[in-house]
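Trainee: Please work out how this folds:
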Amino acid sequence: MSGHSKWSTIKHKKAINDNRRGQQFTKLAKVITIASREGGPDTETNFKLRLAIDKARQFNMPNSNIDRAVEKGSGKVDGEGLHEAIYEGYGPEKVALIIEAVTDNKNRTVAEIKNYLEKSGGVLGQSGSVMYLFDKKGILSIKKGAEPEEQMLKIMDLEVDEVEMEGELIIVLTAPNLLMNVREKITKLGYTIESAELSYQAKSSLSLTNDKREGLEAFFDSLDELQDVTNIYSNLEELDD
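Mentor: Modelled structure (predicted):
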């Protein structure tokens, strides 16, 4: 699927398996807090919060951590002055980047990201310098059943943009404002949704040789380790598993 972020899958697996679990929980909690603050603590009416909590549960974040993050956002517990921010730029090999962050100090965050990109041979761009290369989409990962072709046909009848099989999953792209509606319809069909999120999908992909891609792995890992970075999207071509 053109533009589907392979890095989100790599990041998911790495966060579960390495010793950065605590750091990942902190980042997920910040996203939950902001979602709760913006739309309230009820996941039935606050879809952004539901997506944030679902993602936290994918990482096996304890319910007590989730509840505390929701309470911070709703004002029941003293919370931090957190803000969402989006940064655009280029990394090594001129790979285009959209970087989402949650921060209590925008000056610190922009300085850290700018310094890291420049040290790595990239550059931090202005707003709009990279965004035009991407489309914002809703993306759902659905567990493949015994008859995946029939699953795909039924899903195609819904308001979706694209449906493809990837390994043991069926990947569905939707318009961002239709993600909640499509998710509910897929659930009513009896299919298991592994994940649902909003994502930036590249309109076209950057193809690199294997040795250059390997060099980028360390770049993405270190960028992901910056304390305020929550999501990274790139136009790097996805390779088949």
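
Trainee: for residue 235, what are its contacts?
Mentor: With contact set as C-beta atoms under 8 Å, 6 or more residues apart in numbering, residue 235 has these partners: 3, 95-96, 133-134, 202-206. For every residue, glycine as well, the C-beta is placed using N, CA and C.

Trainee: quick check: domain ranges of this structure?
Mentor: 6-74, 83-132+204-234, 133-202 (automatic domain parsing).

Trainee: Just send those domains back as TSV, with mean neighbour count too.
Mentor: Shown next, in TSV, are those (neighbours: other C-beta atoms under 10 Å):
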stretch	mean neighbour count
domain 6-74	17
domain 83-132+204-234	16
domain 133-202	16
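
Trainee: so residue 90 touches residue 96, yeah?
Mentor: Yes: using C-beta atoms under 8 Å, residue 90 makes contact with residue 96 at a distance of 6.0 Å.

Trainee: Can I get the domains of the chain in JSON lines including mean pLDDT?
Mentor: Converted to JSON lines, the domains of the chain look like this (pLDDT from 0 to 100):
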{"stretch": "domain 6-74", "mean pLDDT": "82"}
{"stretch": "domain 83-132+204-234", "mean pLDDT": "93"}
{"stretch": "domain 133-202", "mean pLDDT": "92"}
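
Trainee: Helix or strand next in line after the longest helix belonging to the chain, which one?
Mentor: Determined from DSSP state H, the single longest helix within the chain is helix 21-39. Following helix 21-39 in sequence order, the next helix or strand is helix 47-58 (DSSP states H and E).

Trainee: Render the CA-only coordinates of that following helix in PDB, please.
Mentor: Taking Å, rounded to 0.1, in the frame of the first residue of the first chain, the C-alpha atoms of helix 47-58 are listed here in PDB:
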ATOM      1  CA  PHE A  47     -13.500   9.400  19.500                       C
ATOM      2  CA  LYS A  48     -10.000  10.900  19.700                       C
ATOM      3  CA  LEU A  49      -9.800   9.700  23.300                       C
ATOM      4  CA  ARG A  50     -11.100   6.200  22.300                       C
ATOM      5  CA  LEU A  51      -8.300   5.900  19.700                       C
ATOM      6  CA  ALA A  52      -5.700   7.000  22.200                       C
ATOM      7  CA  ILE A  53      -6.800   4.500  24.800                       C
ATOM      8  CA  ASP A  54      -7.000   1.700  22.200                       C
ATOM      9  CA  LYS A  55      -3.500   2.400  21.200                       C
ATOM     10  CA  ALA A  56      -2.300   2.400  24.800                       C
ATOM     11  CA  ARG A  57      -3.900  -1.000  25.300                       C
ATOM     12  CA  GLN A  58      -2.100  -2.300  22.300                       C
END
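
Trainee: what inclination does that helix have with respect to helix 21-39?
Mentor: Helix 47-58 runs at 160 degrees relative to helix 21-39, counting by axes from the mean of the first three to the mean of the last three C-alpha atoms, to 10 degrees.

Trainee: what do residue 90 and residue 96 both touch?
Mentor: Common neighbours of residue 90 and residue 96, using C-beta under 8 Å, 6+ apart, are residue 130.

Trainee: Does residue 191 lie in a helix or a strand, and which?
Mentor: Residue 191 is part of no helix or strand when elements are defined by DSSP H and E.

Trainee: need the contact list for it.
Mentor: Residue 191 is in contact with 142-143, 145, 151, 155, counting by C-beta under 8 Å, 6+ apart.
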